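**Student:** this one's structure only:
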C-alpha cells in the first residue's frame with residue numbers, strides 16, 4: 001500500500017501542485033488543467049485501497065503509472 005506523503009510526491013511528479021492544506025488534508029490541482037483537483041488525507045497509516053483508487057481515478061492516473069513514479 002501507499003502512504004499519503006508518498007502519494008503526494010507521486011502527484012507532484014505527475015504535474016500537480018499543492019494549492020492548500022487544511023488540517024490533515026492536502027488539496028492539489030494539475031498545473032496545466034486547473035479543473036482537475038484531488039484531496040489527500042494526511043495520516044500515519046497507509047491509504048485504504050478504495051480511497052487510493054478513487055484518488056488515482058480523479059487524478060487520471062493508473063496503478064501502473066503510480067508504480068512507475070514511486
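**Tutor:** Everything's here; your move. Computed from a prediction, not measured in an experiment: that's the story for all the values here. Numbers count the residues shown, from 1 in each chain.
**Student:** Relative to the whole chain's centre, how far out is the helix or strand harbouring residue 55?
**Tutor:** Applying DSSP states H and E as the criterion places residue 55 in helix 49-59. From the chain centre to the centre of helix 49-59 is a distance of 8 Å (C-alpha atoms, centre = their mean, to the nearest Å).
**Student:** what does that helix contact?
**Tutor:** Residues from elsewhere that reach helix 49-59, judged by C-beta atoms under 8 Å, 6 or more residues apart in numbering: 1-2, 7, 11, 14, 16, 30, 36-41, 47, 62-63, 66. For every residue, glycine as well, the C-beta is placed using N, CA and C.
**Student:** next one: stretch 29-40
**Tutor:** By C-beta under 8 Å, 6+ apart, stretch 29-40 touches 4, 7-8, 11, 15-17, 19, 25-28, 47, 55, 58-60.
**Student:** repeat that with 10 Å
**Tutor:** 4-5, 7-8, 11-12, 14-22, 24-28, 47, 51-52, 54-61 (C-beta atoms under 10 Å, 6 or more residues apart in numbering).
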